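S.K.: Below are the sequence and a predicted model; questions follow.
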Amino acid sequence: MENIWKGGICFLFLECPGGSLFFNIWKNGHLKCLGAAILLALVSLHAETVADRKETGSCVDGMVLSRIELDGLEQTNPRVVQRELIHRPGEKFSAEKYSAERRRLQDLDLFTEIEADCRTDSASSSAVLTYRLKEIFRWIPAPAGKKTDRDGLMVGLALANLNILGEDIRAEVQYRTALDPFLENNEYAFYASSPYLFGIPLGWNFEFLRTDSWDDLRRFNDASWLLDLDLDLNVTEHLSLLLSGAYRYIEDGPGHLPEVGLGFAFDFRDAALDTRKGVYLEYMLTHVGAGHYRKDSEHLGGERYWELLADVRGYYSLGRFVTGATALARYRAGDVERYDYLYHGGANTFRGHEADSLSLGKNELLLTLEERFVLRERKAASLWGINFFYGLQLVAGLDGSLLWDKGRPGWDNYEGAVYGGLHLVIPALDRVRFEVGYSPDRKEPVFYFGLFDKTTSARWRNR
């Protein structure tokens, strides 16, 4: 069965060329690729018995733990793992706690395998709990990719390090160019992030982006520079304070555009990546712009507005089925220029039609109800000495879109669509999405290829 999977995965990506951080896909032949992927997954499902996620080796509920050991850490500092553990020496082992610990360690995106084993401590009648961890690859020199509703598929080169100094710090440099028109839309990027800062639970994400492209949707030359820093301070286990600051410079427009935002989030999810159960609530108030600038026939004017953002996500699992409901709302008060208009259409917003210049607005509400069926849980693999993992999920759902400029939205601003497809769960990108959407208003199915979860890419799409 393992050979079938390896051959099948190779077939899928040889038959479906294109690019992301690992692979790309062209629209030509997409139904062939999607069908082959689903068929491969169903064959595997029929032949495979998926291991229970609560597998605990020789550990039994009620065992008193004398100590906890970590085995397999070559690149990662032990404290990165220890701060995620719930068990403590002197406490009793709990399969329920272990299940939660395992999800937390998977959420680090640093390990392909996580196993627990217990043995009797020779010095006492208690047990020693040993975590056996297999680390993921750290350096990634690879093709770079980005799939946006504005520029389509962009490809290039990237160099990433997923675990700098063993401290769960990620950094990546990228160059990307659009395939259509080829070499005319370009991006240069640097990203760095970590959930901790000098041992303090202060998550941070830094982004530098240089863009030089023509924006077909909002009809302006996006020659801009962006510096962005987002901070996430854990006040309690489930409450975080959020602070964001950004500086943009748009050359053929207003010039300087500062941003500052403040918010909070309640996070009761079992994991941020591939969430199976829990609720996430985020509220953010952001001020954009510093004033009004003269505008003429050649230059865009300045802007100044407040944005109130609400991001709500809920998940519930029953066996292999994972039900998710999400809502993203942005309401803006003030002067918003067209270079900051929101758009709907495409894999990252509304899977009922492609994005176009007619689907623009200052305010938005994106609604999604999605059902996922886990065909294959995360499974460790190794290729040419590179450790990674993969999983497969069938998905089907409903998308709702509200996009408007002023006042309250009406039914004329609403669109709905159904979609279905296959998600490949992999490191770094979270998931690669192959989906087909259909809107009764447009009456034409559309194929979509996306990276990351839609809840993530919808927040990033304007960058």
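M.R.: That came in fine, so what should we check first?
S.K.: what is the rounded mean pLDDT of stretch 130-139?
M.R.: Model confidence over stretch 130-139, given as mean pLDDT, is 90.
S.K.: Correction: the previous question concerned stretch 275-283.
M.R.: pLDDT averaged over stretch 275-283 gives 97.
S.K.: Now do the buried residues in it.
M.R.: For stretch 275-283, a neighbour-count test (16 or more other Cβ atoms under 10 Å) marks 275-280, 282-283 as buried. Backbone N, C-alpha and C define where each C-beta goes, glycine included.
S.K.: CSV for the residues you listed, including secondary structure?
M.R.: As requested, the buried residues of stretch 275-283 are exported to CSV (DSSP: H, G, I helix; E, B strand; the rest coil):
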residue, secondary structure
275, coil
276, coil
277, coil
278, strand
279, strand
280, strand
282, strand
283, strand
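S.K.: With distance to residue 60 as extra columns, can I get these in TSV?
M.R.: Listed next are the buried residues of stretch 275-283 as TSV, based on distance: Cβ to Cβ, whole Å:
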residue	distance to residue 60
275	29
276	25
277	25
278	27
279	32
280	34
282	39
283	43
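S.K.: And those residues, which is closest to residue 380?
M.R.: Relative to residue 380, the closest of those is residue 276; by Cβ to Cβ it sits at 18.8 Å.
S.K.: pretty sure residue 432 is touching residue 422, no?
M.R.: No. Using Cβ atoms under 8 Å, residue 432 makes no contact with residue 422, being 9.1 Å away.
S.K.: Stretch 216-229 - what's its average pLDDT?
M.R.: Across stretch 216-229, pLDDT averages out at 88.
S.K.: my guess is residue 414 contacts residue 408, does it?
M.R.: No. Counting by Cβ under 8 Å, residue 414 does not reach residue 408; the two are 12.0 Å apart.
S.K.: which secondary structure element contains the closest residue to residue 243 other than its chain neighbours?
M.R.: Ranked by Cβ to Cβ, 6 or more residues apart in numbering and with sequence neighbours excluded, the top spatial neighbour of residue 243 is residue 231, at 4.5 Å. Assigned by DSSP states H and E, residue 231 falls within strand 220-234.
S.K.: Which parts of that strand count as buried, going by neighbours?
M.R.: For strand 220-234, the neighbour count (16+ other Cβ under 10 Å) marks 220-222, 224, 226, 228, 230-234 as buried.
S.K.: strand partners of the longest strand along the chain, parallel vs antiparallel please.
M.R.: When the chain is parsed with DSSP state E, its longest strand is strand 363-383. Next to strand 363-383 in the sheet, as set by DSSP bridges, lie strand 321-335 (antiparallel), strand 386-404 (antiparallel).
S.K.: For residue 439, find the nearest of these.
M.R.: Nearest of the strands paired with strand 363-383 to residue 439, taken as Cβ to Cβ: strand 386-404 at 8.5 Å.
S.K.: give me the low-pLDDT residue ranges for the stretch 101-250 of the chain?
M.R.: Applying pLDDT under 70 to the stretch 101-250 of the chain flags the ranges 122-123, 142-153, 180-181.
S.K.: So the nearest residue to residue 234 once chain neighbours are set aside versus residue 195, what's the distance?
M.R.: Nearest residue to residue 234, sequence neighbours excluded (Cβ to Cβ, 6+ apart): residue 201, at 4.0 Å. For residue 201, the distance to residue 195 (Cβ to Cβ, to the nearest Å) stands at 7 Å.
S.K.: can you pull the contacts of residue 60?
M.R.: 93, 118 (Cβ atoms under 8 Å, 6 or more residues apart in numbering).
S.K.: now swap in residue 330 and tell me
M.R.: 307-309, 342, 363-364.
S.K.: Span of stretch 158-177 from start to end?
M.R.: From its first residue to its last, stretch 158-177 covers 12 Å (Cα to Cα, to the nearest Å).
S.K.: just to revisit the earlier point, now distance to residue 109 too, for the buried residues of strand 220-234, in CSV please.
M.R.: Formatted as CSV, the buried residues of strand 220-234 follow (distance: Cβ to Cβ, whole Å):
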residue, distance to residue 109
220, 36
221, 36
222, 31
224, 30
226, 25
228, 21
230, 18
231, 20
232, 16
233, 21
234, 18
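S.K.: Among these, which one sits closest to residue 387?
M.R.: Nearest to residue 387 among the buried residues of strand 220-234, with distances taken as Cβ to Cβ, is residue 232, at 28.3 Å.
S.K.: Contact partners for the closest one?
M.R.: Residue 232 touches 195, 202-205, 240-242, 265, counting by Cβ under 8 Å, 6+ apart.
S.K.: how does it look with 6 Å?
M.R.: The contact partners of residue 232, taken as Cβ atoms under 6 Å, 6 or more residues apart in numbering, are 203, 240, 242.
S.K.: tell me which residues of the helix or strand where residue 208 lies are tucked away?
M.R.: Assigned by DSSP H and E, residue 208 belongs to strand 202-215. Across strand 202-215, burial judged by 16+ other Cβ under 10 Å covers 202-205, 207, 209, 211, 213, 215.
S.K.: quick check, nearest of those to residue 271?
M.R.: residue 203 (14.7 Å).
S.K.: quick one: that closest one and residue 193 touch, right?
M.R.: No. Residue 203 is not in contact with residue 193 according to Cβ atoms under 6 Å; the separation is 7.6 Å.
S.K.: ok so, going back, the more surrounded of residue 201 and residue 195?
M.R.: Using other Cβ atoms under 10 Å, the more surrounded residue of residue 201 and residue 195 is residue 195, with 20 against 14.
S.K.: doesn't residue 204 make contact with the more buried one?
M.R.: No. In terms of Cβ under 6 Å, residue 195 does not count as a neighbour of residue 204; the distance is 8.5 Å.
S.K.: re earlier: so which elements touch the strand holding residue 208?
M.R.: strand 182-194, strand 220-234 (3 or more Cβ pairs under 6 Å, 6 or more residues apart in numbering; DSSP states H and E).
S.K.: okay if I get the ones you listed as TSV plus distance to residue 314?
M.R.: Output for the helices and strands packed on strand 202-215, formatted as TSV (distance: least, Cβ to Cβ, whole Å):
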stretch	distance to residue 314
strand 182-194	25
strand 220-234	20
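S.K.: Which among those strands is found nearest to residue 457?
M.R.: The minimum distance between residue 457 and the helices and strands packed on strand 202-215 falls on strand 182-194, with 14.4 Å, by Cβ to Cβ.
S.K.: Same question for that closest one: list its buried residues.
M.R.: In strand 182-194, counting by 16+ other Cβ under 10 Å, buried: 185-187, 189, 191-194.
S.K.: Just name the closest of the residues you listed to residue 161, please.
M.R.: The closest of those, once distances to residue 161 are taken by Cβ to Cβ, is residue 192, at 9.6 Å.
S.K.: where's that closest one relative to residue 228, distance?
M.R.: Distance, residue 192 to residue 228, using Cβ to Cβ: 11 Å.
S.K.: same check, this time on residue 60
M.R.: 48 Å.
S.K.: Repeat that for residue 76.
M.R.: Distance, residue 76 to residue 228, by Cβ to Cβ: 27 Å.
S.K.: Sounds good, over and out.
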